[in-house]
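Q: Here is a sequence together with a model predicted from it:
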Amino acid sequence: MSWAELCFTLLFLLFPYSVATAQAPPKKNVLIISEAGLSHTMPVRQVQQIIDGVEKPGRQVEFYSENLDLLTMPAGPSLTELKNWLIRKYSHQNLDVIIAIGPETIRFLAENSQTMFPGIPVVVSGSSAAQIGRLKLNSRFTGTWARRDPVKTLESAFRLFPDARQVYVVGGSSEFDQTLMELTKAELGSYLSPASISYLSDLTMSDLLGRVRNLPERSVVLYLSFFADSAGERFVNATGALPMVAAASNAPIFGMSDTYLGRGIVGGKVISFDNQAELDARIVSDLLDGKKAENIPIDTLPSIYMFDWKELQRWQIPEKRLPPESIVLFHEQGFWERTKGVWIGVFVIILSLSALALYLQRSRKQLELAKERQMWLSGMLINAEEQERSRVANELHDDFSQRLAVLALKLGNTAEVVAPLSKEADRQLHELLNTASELGADLHTLSHHLHSSTLEKLGLVPGIRALCKEFSAHTGLEVKFSPEHIPATASQDVALCIFRLVQESLRNVKKHSGAGSVEVTLQLHRDMLRLSVCDEGNGFEIQELQNQNGLGIHIMEERVRLLGGVFKIHSAWGKGTSVEASLPIAAKVRIATARG
């Protein structure tokens, strides 16, 4: 192997490894610390939304989560033990970002900033700046602050309930509850409320429920939080305490957290923890991509007006009274809104079917018009044919036949008056005489075939009998004609049609079937004449008949159809053929008036 080939082989073997190494991003480690457990709505929702927002193709992130339950943990040695435990557990994980959810978690990390994971950026979430108090955060802290707005929330309450004269602010007895209560009192202290404000705190849950169950008329409730009561009993705030208070209260309840919506509050100027989590996820992504925490200042997100549609219905509040740009959640669709898709679909189907029906109706009319024109043309052609047959037959009978008779008579006279001829001349003269006589007879027969004088003069049955007898005499084919109780009242058109059917059928038998005999049957059933022409000849396949271009069968069928009758042919190879027709005895040719 040459030196060039050896280098090429080494590059080929090493190249896939190099590409795989270059494409595999380094794994990042993120620790999420929240102050409440999985039973609390806010931290659970934020954790999931942050994870969903950070994860993306081409990024490897390992998430670790700790729920410290700092809302009820006493200060002192227990917090120190918690700090040491966290350091031991995660000191070797090479953390890239820490996410602190909730004011107690943020305070815990800020107070231990020098000893807990120094240099690792911390993203704050799930808290307002006021809940941290005067605690200063160093440059490793970034993220977002939420803004609680009790004044705007009460203003929205008075907008919806303008006759309210008493406000009751409800809070619990935990350190978190008390902090939130004090902050609310401070903000409402300078608010010129149109109603008096009372604070319901430091009560047991049973006492609180008793109070809100008997509030005076024209009252509203502002719910803050309730993690514990004065007796030390702990509660899951949003999903436990709030529904209990809402079920007992005889007055509408307002709040300042989007996690309270759907739990019993009408709404208010609320913190959107979903929006905060979305923005914090972007900040975490920026940090993982190399951006410095000191270059990302902590921003305060505004609260937004959000309301529960079901509570608005409960308290009979029209949506038009809501503050501008309000968001209404849990809107139950009315019957029309729930079913409009179905109705629209039904309407589209009905419209489509109507259009199809109109199209089919128009097509049917066009088809009927085409059939009428076809019948008109068929009737005209058949009538023209019969008239031409009659004209030619009359000419043959009245002109050519008469002239041949005169010729034969003159030839006979010539034979008598000329001098005695030689034997050969006499023979030729008599031969000419016989030929003229035979030609006259043939012309008479042809004239009869073209237009039967017997049919006109004597009627249907004698005309067909004469036709069958004459056909049998000329062809040697045995024809059996069996009429059954046929009156002389058949219309001229019906008689002519049946005559032509028999004539054409006998001609086809002689030409195609190879049969030695044929049976013609004519019956009367009620007001219908039934004709049958049957043979036991070769037969044929009906499908082959449909593919042939012969006019005989089609003209037979058209003649019957013009008289409002039914025409059928039954046949199979080796089983003979049966031609059947059924016609009204008094029918006349129906020639529709042709329309443009």
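A: Now that the structure is in, tell me what you want to look at.
Q: what about residue 280, how many neighbours?
A: Per other C-beta atoms under 10 Å, the neighbour tally for residue 280 reads 26. Every C-beta, even on glycine, is put in place using the N, C-alpha and C of the backbone.
Q: The one 4 residues further on too?
A: Residue 284 is flanked by 27 other residues according to other C-beta under 10 Å.
Q: I'd like the numbering to begin with 46 instead of 1 from here.
A: Let's use 46 as the start, then, which means that last one is residue 329.
Q: Wait, a strand at it?
A: No: counting by DSSP: H, G, I helix; E, B strand; the rest coil, residue 329 falls outside a strand, being helix.
Q: contacting residues for it?
A: Shown in contact with residue 329 (C-beta atoms under 8 Å, 6 or more residues apart in numbering): 75, 95, 98, 99, 142, 144, 168.
Q: before we move on, what about residue 276?
A: Contact partners of residue 276, counting by C-beta under 8 Å, 6+ apart, are 249, 250.
Q: Can I get the helix or strand residue 315 falls within as CSV, trimmed to CA atoms?
A: Secondary structure assigned from DSSP states H and E places residue 315 in strand 312-315. Provided in CSV are the C-alpha atoms of strand 312-315 (Å, rounded to 0.1, in the frame of the first residue of the first chain):
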residue,chain,number,x,y,z
GLY,A,312,-61.0,37.2,38.1
GLY,A,313,-59.0,40.5,38.5
LYS,A,314,-55.7,42.0,37.5
VAL,A,315,-53.8,38.8,37.8
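Q: So what's the model's average confidence on stretch 524-535?
A: Stretch 524-535 carries an average pLDDT of 85.
Q: Tell me what the nearest residue to residue 372 once chain neighbours are set aside is bridged to.
A: By the measure of C-beta to C-beta, 6 or more residues apart in numbering, the closest residue to residue 372 outside its immediate chain neighbours is residue 351, 4.7 Å from it. Beta-bridge pairing for residue 351 (DSSP bridges): residue 313, residue 372.
Q: Look up how far residue 189 lies from residue 351.
A: Note on residue 351: its distance to residue 189, by C-beta to C-beta, to the nearest Å, is 18 Å.
Q: for the helix or strand where residue 253 lies, packing partners?
A: Secondary structure assignment for residue 253, by DSSP H and E: helix 250-258. Here helix 250-258 is seen to pack against strand 211-215, strand 241-245, helix 287-293 when contacts are counted using 3 or more C-beta pairs under 8 Å, 6 or more residues apart in numbering; DSSP states H and E.
Q: swap the cut-off to 7 Å and go again
A: Secondary-structure packing of helix 250-258 (3 or more C-beta pairs under 7 Å, 6 or more residues apart in numbering; DSSP states H and E): helix 287-293.
Q: Now the helix it packs on - C-alpha only, CSV.
A: The C-alpha coordinates for helix 287-293 follow below in CSV (Å, rounded to 0.1, in the frame of the first residue of the first chain):
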residue,chain,number,x,y,z
LEU,A,287,-59.6,28.6,47.8
PRO,A,288,-62.3,26.2,46.6
MET,A,289,-63.5,25.8,50.2
VAL,A,290,-63.7,29.6,50.7
ALA,A,291,-65.4,30.0,47.3
ALA,A,292,-68.0,27.4,48.0
ALA,A,293,-68.9,29.0,51.3
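Q: Now the element after that helix, going C-ward?
A: Remark: after helix 287-293, the chain's next helix or strand is strand 298-299, criterion DSSP H and E.
Q: and residue 162, what does it touch?
A: Contact analysis of residue 162 by C-beta atoms under 7 Å, 6 or more residues apart in numbering lists 140, 143.
Q: Kindly recompute the last result at 8 Å.
A: Going by C-beta under 8 Å, 6+ apart, the list of residues near residue 162 reads 76, 132, 135, 140, 143.
Q: for residue 176, same thing?
A: 148, 224, 225, 228.
Q: ranking the contacts of residue 162 by neighbours, who comes first?
A: residue 143 leads the contacts of residue 162 on contacts (other C-beta under 10 Å) with 26 neighbours.
Q: surely it meets residue 166?
A: Yes: the pair residue 143 and residue 166 qualifies as a contact (C-beta atoms under 8 Å) at a distance of 7.1 Å.
Q: how does this structure divide into domains?
A: Using automatic domain parsing, the domain parsing of the chain gives 70-191+317-346, 195-315+347-377, 497-641.
Q: Could you tell me the phi and psi values at the most centrally placed residue in the chain?
A: With distances taken as C-alpha atoms, centre = their mean, the residue of the chain nearest its centroid is residue 390 (8.4 Å). Main-chain torsions, residue 390, degrees, to the nearest 10: phi -60, psi -40.
Q: which residues touch it?
A: By C-beta under 8 Å, 6+ apart, residue 390 has no neighbours at all.
Q: if we take the contacts of residue 329, which one ends up nearest to residue 516?
A: Within the contacts of residue 329, the smallest distance to residue 516 is 100.1 Å, found for residue 98 (C-beta to C-beta).
Q: Doesn't the closest one lie inside a helix?
A: Yes: under three-state DSSP, residue 98 falls within a helix.
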